[in-house]
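**Q** give me coordinates for this.
(chains A and B)
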Protein chains: 2
Amino acid sequence: MEVLEQRILKDGTVADGGILKVDSFLNHQCDIGLYNEIGKEFRRHFTGEITKILTIEASGIGIACVAAQYFGVPVVFAKKNKSLNLDGALYTSVVRSYTYDREYTITVSNKFIKPEDKVLLIDDFLANGQAMHGLIDILNQAGATLVGIGIVIEKGFQNGGKSLREKGIDLYSLAIIDEMTPGGIRFRH
Amino acid sequence: MEVLEQRILKDGTVADGGILKVDSFLNHQCDIGLYNEIGKEFRRHFTGEITKILTIEASGIGIACVAAQYFGVPVVFAKKNKSLNLDGALYTSVVRSYTYDREYTITVSNKFIKPEDKVLLIDDFLANGQAMHGLIDILNQAGATLVGIGIVIEKGFQNGGKSLREKGIDLYSLAIIDEMTPGGIRFRH
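**A** Numbers count the residues shown, from 1 in each chain, chains lettered A, B, ... in the order given. Sure thing, here's the model as predicted:
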């Protein structure tokens, strides 16, 4: 997605430890005009029937909610901490975060993902793919159908994208970074 | 806001401990059509100049991002955990959560709230007002101007709304609940 790649080149910075900082427009401050372009592009790609969008707190929520306007479906976001406000039967899955170097449990109420649901997963970043595997685990527990995965920025030099594509999943990343250093970013085309 | 009150009566449930569960449309599953109505209503009320919307992860993000479309401004969301991806100078404030019975530190990069910013705060719930006081503390650190606070559901029987209004803040809550029991919900009009 050209407008996204140009924005990453203009406003993104590469920090030590393989971290791409895009906090000025994607995951701390949110450029809602860009979010709308992202939503339109996901809709252009995922043309089949979708009944729900599932994402994970926190950075995925805003992107998913703006994108959902182009699909006309509700968003469900997996929670990272068990809330006192969640009760009843829950789907849970354990996710390893390399960014934060810890494991956490994601939780979705079983009221909101049903066997008849056709679900699009959306998130801001894909690196090792652990969060996506956790969400897929939850869809499997629910007996729901995974339609595809929409990612804003994929770190193509990590193995998450490869492992998901090898399963035959329709993974659509709007920008795939194959190499990044403080001196430059190379996208996959 | 009539459509919101009707939705709370239809789909909300009151659980033990003063908890109102609206997770089917507001803060776990998100009804994006309703989010748009909420955004329009905030815009109808807050007619002055606004340059940024500030919210707090996680439930506020989706509401703020959809609402921001009616203001044409970016959203900044305060983070509840210090991320490895945040560096540079940060504004922080300590917030006491009664729901989770713990304290947490909220963080905003100083790059995204500036002295010239005129800021609208948005969140899904207002109870004791601790999160709002934390965000106001951050605005004060930044020297930015607080234009007002838009809340979806205020628990009017807790003291957050009173304490903010006594400071002369333009607090606009779309639904204010004065009393709730498993048998019924009474709104303030």
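
**Q** OK, contacts around the residue nearest the centre of chain A?
**A** By Cα atoms, centre = their mean, chain A has its centre lying nearest to residue A:123, at 1.4 Å. By Cβ atoms under 8 Å, 6 or more residues apart in numbering or on different chains, residue A:123 lies in contact with A:55, A:56, A:59, A:60, A:63, A:131, A:132, A:149, A:150, A:151, A:152. Heads up, the C-betas are built off the backbone N, CA and C, glycines and all.

**Q** possible to save those as TSV with secondary structure and neighbour count?
**A** TSV is the format used below for those (DSSP: H, G, I helix; E, B strand; the rest coil; neighbours: other Cβ atoms under 10 Å in any protein chain shown):
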residue	secondary structure	neighbour count
A:55	strand	28
A:56	strand	26
A:59	helix	26
A:60	helix	29
A:63	helix	29
A:131	helix	25
A:132	helix	24
A:149	strand	27
A:150	strand	27
A:151	strand	27
A:152	strand	27
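
**Q** ok, which of the residues you listed also contact chain B?
**A** Contacts with chain B within those, counted by Cβ under 8 Å from any Cβ of the partner chain: residue A:63.

**Q** and the furthest pair within the contacts of residue A:123?
**A** Greatest spatial distance in the contacts of residue A:123: A:59 and A:149, 15.3 Å, computed using Cβ to Cβ.

**Q** between the contacts of residue A:123, which sits nearest residue B:162?
**A** Among these, residue A:59 lies closest to residue B:162 (Cβ to Cβ), at 33.7 Å.

**Q** returning to what we had before: for the residue nearest to the centre of chain A, which non-adjacent residue is spatially closest?
**A** residue A:60 (4.4 Å; Cβ to Cβ, 6 or more residues apart in numbering or on different chains).

**Q** how much space separates that neighbour from residue B:23?
**A** Using Cβ to Cβ, to the nearest Å, residue A:60 is found at 17 Å from residue B:23.

**Q** where along chain A do the strands fall?
**A** Taking DSSP state E to define them, one finds strands in chain A at A:13-15, A:19-21, A:29-30, A:52-56, A:75-78, A:90-97, A:102-109, A:118-126, A:145-155, A:171-181, A:184-187.

**Q** show me what the fifth one is packed up against.
**A** The criterion is 3 or more Cβ pairs under 8 Å, 6 or more residues apart in numbering or on different chains; DSSP states H and E, and the helices and strands that strand A:75-78 contacts are strand A:52-56, helix A:59-68, strand A:102-109, helix A:130-142, strand B:29-30.

**Q** wait, does the shortest one contact chain A?
**A** Same thing as strand B:29-30. Yes. Strand B:29-30 reaches chain A (Cβ under 8 Å from any Cβ) through B:29, B:30.

**Q** that strand pairs with which strands, parallel or anti?
**A** Sheet pairing of strand B:29-30 (DSSP bridges) gives strand A:75-78 (antiparallel).

**Q** quick one on the thing from earlier: can you redo the strands of chain A as JSON lines with mean pLDDT?
**A** Formatted as JSON lines, these follow (pLDDT from 0 to 100):
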{"stretch": "strand A:13-15", "mean pLDDT": "90"}
{"stretch": "strand A:19-21", "mean pLDDT": "91"}
{"stretch": "strand A:29-30", "mean pLDDT": "98"}
{"stretch": "strand A:52-56", "mean pLDDT": "98"}
{"stretch": "strand A:75-78", "mean pLDDT": "98"}
{"stretch": "strand A:90-97", "mean pLDDT": "92"}
{"stretch": "strand A:102-109", "mean pLDDT": "93"}
{"stretch": "strand A:118-126", "mean pLDDT": "98"}
{"stretch": "strand A:145-155", "mean pLDDT": "98"}
{"stretch": "strand A:171-181", "mean pLDDT": "96"}
{"stretch": "strand A:184-187", "mean pLDDT": "95"}
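
**Q** okay, the ones you listed in a markdown table with distance to residue B:167 next?
**A** Formatted as a markdown table, the strands of chain A follow (distance: least, Cβ to Cβ, whole Å):
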| stretch | distance to residue B:167 |
| --- | --- |
| strand A:13-15 | 38 |
| strand A:19-21 | 35 |
| strand A:29-30 | 27 |
| strand A:52-56 | 35 |
| strand A:75-78 | 32 |
| strand A:90-97 | 39 |
| strand A:102-109 | 36 |
| strand A:118-126 | 35 |
| strand A:145-155 | 39 |
| strand A:171-181 | 43 |
| strand A:184-187 | 46 |
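
**Q** list the buried ones in stretch A:146-161?
**A** Residues of stretch A:146-161 classed as buried under the neighbour-count rule (16 or more other Cβ atoms under 10 Å in any protein chain shown) are A:146-156, A:158, A:160-161.

**Q** between those residues, which is closest to residue B:76?
**A** residue A:152 (17.8 Å).

**Q** which non-adjacent residue is nearest the closest one?
**A** Once flanking residues are discounted, residue A:152 sits nearest to residue A:124: 4.9 Å by Cβ to Cβ, 6+ apart.

**Q** over to residue A:36?
**A** Using Cβ to Cβ, 6+ apart and skipping residues adjacent in sequence, the residue nearest residue A:36 is residue A:66, 5.9 Å away.

**Q** could I get the phi/psi values of residue A:22?
**A** phi -130, psi 30 (degrees, to the nearest 10).

**Q** residues near it, how many?
**A** 23 (other Cβ atoms under 10 Å in any protein chain shown).

**Q** repeat for the one 3 residues further on
**A** Residues within reach of residue A:25, counting by other Cβ under 10 Å, total 20.

**Q** distance of residue A:65 from residue B:61?
**A** Residue A:65 is 8 Å from residue B:61, by Cβ to Cβ.
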